[in-house]
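Chemist: Coordinates for the following, if possible.
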Amino acid sequence: MAKSGARLYLWVLMAVAAGATLGLLAPAQAVALKPLGDGFIALVKMLIGPLIFCTVVLGMAGGGQMKKVGRVGGKALLYFEVVSTVALAIGLVVMNWLRPGQGFHVNPATLDAHAVAGYAKAAAQQSVPEYILHLIPKTLTDAFSGQGDLLQVLLVALLFGASLNALGERGIPVQQAIARLSEVLFGMMNQIMKLAPLGAGGAMAFTMGKYGVHALAPLMSLMGSFYLTCVIFIGGVLGLISAFCGFSLWRFLGYIKEELVTVLGTSSSETVLIPLMNKLEEAGCARSVVGLVVPAGYSFNLDGTNIYLTMAALFVAQALDLDLTLGQQLSLLGVAMLTSKGASGVTGSGFITLAATLAVVPTIPVAGLTLILGVDRFMSEARALTNFIGNGVAAIVISRWEGELDKKRLLQVLAG
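Modeler: Coordinates of the predicted model:
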C-alpha cells in the first residue's frame, strides 16, 4: 500500500510539472486540457456526499453517541472560530506591515465593474437567514445531488444516525448494510484517485496556459505577501498547535504529501477530502471524530480563505489609495469572519466570498476586484493547501481533546 501511494505521488508530481511546462510552452494546447481537471474534480465530488453520510452514520452507531456528537461539534466549532480569527488577524497584520498595494495609485473610475458583477451578484444575493435555510435540503436526496452544501449532507447524516441509534438492535441490519455500502464507495474512490495525475496535470496546464507567467508580474508583491503569510500561519500557528498536541507538523505534511500535490495541481481541497479522512483514521484518529470534524471544517475552518479575504481586500484599498482606519479594518475582519463560513473547497470560491465581503463594506468598491482577477487562480492553490492542512491538524487536535487519539499509532505512522 505504501509503495502504491509513493508511486501515485510521483506520477502526480510529474504530471503537475508537465502540465505547468506545457502551459508555458504551448498555451493553446494546454487550455484545451481543462476538461481533464474538471472531470476529475466532478468524479470525486460525485462520491463525497454518500461517503460522508456513511462515515458519520457509522461513527454514531451504538448507544450513548448523541451526547458525544454534541460535545465533539461544540469543541470543533470553538477551535474553528479561534484559529480562523487568528488567520484573519495575521493577514491584517502582514498587509499593514508590507503594504504591497501601495504605489499602484489606481483611479476607481478606470475599473471595469462588469468583470466582477456576476461574482458580486451571486455572492451577495443570499442573506444570512437565506443561507441558514440553504443548509436544509428541500428533499432528502437534494443533499446528495451535487448541488448542495456539505453541511446539508452532515445534517441528514446526523438525523439518520440519531434515528438509527434510537432503534437499538432493530437498527443493526441497516447499520451493517451501510457498512457494506461504505466499503463499495471507498473502493470506487480508490479507483478514481488513480486518475489524479491526469486531473492534476490537466488543471495545472490550463492554469498556466490561460493566465501565464506574464499575469503574475504586476501583482507579484501581493502573491509574495500572500504565500509568505500562508507559510507563517502553517509553520507558526499550526506548527505550535501540533507541537502542543505532541506531534510534528512536518512529519504530518510528509504523511499527506500525495494529497498536497493533488491539491496543488487541482487548486481544490475537495478532491482529497475522503483520502484525508482515510489517512487520519489510519493515523489513530477516531472515525466518529474525523467524520464530523473534517466535513464541518470544509465550511467553518477555511484558514487559507480567511487569510486571503483580509489581504486581498486591503490590497484593493491600498491600490486605490484608500486609507482605512483601524476601526474600518476591524469591521472588515468581522464581516470576513462571517462571509468565510460556508465557502466550499472548490476553485474560485474564495474570490466569490471576497466579492460578498466587499459588497457589504461600501468603503472599498467591488469593482476593485478587477485588479486581482488575473492572479486569483494562482492564489487559490495556496488557499486550498492552507485550508487542507488546517483541517487535517484540526481533526487530530479534536481527537486528542476528546481522548480518542491513539497517540502511539499516530507517532508510528508519522515516523513512516
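Chemist: Every contact and neighbour count from this point should use C-alpha atoms.
Modeler: OK.
Chemist: what residue ranges in the stretch 1-150 of the chain score low on pLDDT?
Modeler: For the stretch 1-150 of the chain, residues meeting the criterion pLDDT under 70 lie at 1-6, 62-66, 109-134, 146-149.
Chemist: Centre of the chain to whichever strand or helix holds residue 177, how far?
Modeler: Using DSSP states H and E, residue 177 sits in helix 172-193. Put simply, helix 172-193 sits 24 Å off its chain's centre (Cα atoms, centre = their mean, to the nearest Å).
Chemist: Next, the angle from the helix or strand following that helix to helix 172-193.
Modeler: Counting by DSSP H and E, the element after helix 172-193 in chain order, helix or strand, is helix 196-211. Compare the direction of helix 196-211 with that of helix 172-193 by axes from the mean of the first three to the mean of the last three Cα atoms, to 10 degrees and you get 60 degrees.
Chemist: For the next helix or strand after helix 196-211, list the C-alpha coordinates in PDB.
Modeler: Once the chain leaves helix 196-211, the next helix or strand it forms, by DSSP H and E, is helix 220-232. Below are the C-alpha coordinates for helix 220-232, written out as PDB (Å, rounded to 0.1, in the frame of the first residue of the first chain):
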ATOM      1  CA  MET A 220       4.000  39.600  -7.600                       C
ATOM      2  CA  SER A 221       4.000  41.800  -4.400                       C
ATOM      3  CA  LEU A 222       0.500  40.600  -3.500                       C
ATOM      4  CA  MET A 223       1.200  37.000  -4.400                       C
ATOM      5  CA  GLY A 224       4.500  37.000  -2.500                       C
ATOM      6  CA  SER A 225       2.900  38.500   0.600                       C
ATOM      7  CA  PHE A 226       0.000  36.000   0.500                       C
ATOM      8  CA  TYR A 227       2.200  33.000   0.100                       C
ATOM      9  CA  LEU A 228       4.500  34.300   2.900                       C
ATOM     10  CA  THR A 229       1.500  34.800   5.200                       C
ATOM     11  CA  CYS A 230       0.300  31.200   4.500                       C
ATOM     12  CA  VAL A 231       3.700  29.800   5.300                       C
ATOM     13  CA  ILE A 232       3.900  31.900   8.500                       C
END
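Chemist: And helix 220-232, what does it pack against?
Modeler: Under the contact criterion of 3 or more Cα pairs under 8 Å, 6 or more residues apart in numbering; DSSP states H and E, helix 220-232 touches helix 66-98, helix 303-319, helix 376-401.
Chemist: Tell me which residues are up against that helix.
Modeler: For helix 220-232, the surrounding residues in contact (Cα atoms under 8 Å, 6 or more residues apart in numbering) are 90-91, 94-95, 98, 100-101, 216, 304, 307-308, 311-312, 315, 375, 379, 382-383, 386.
Chemist: Many thanks, we can stop here.
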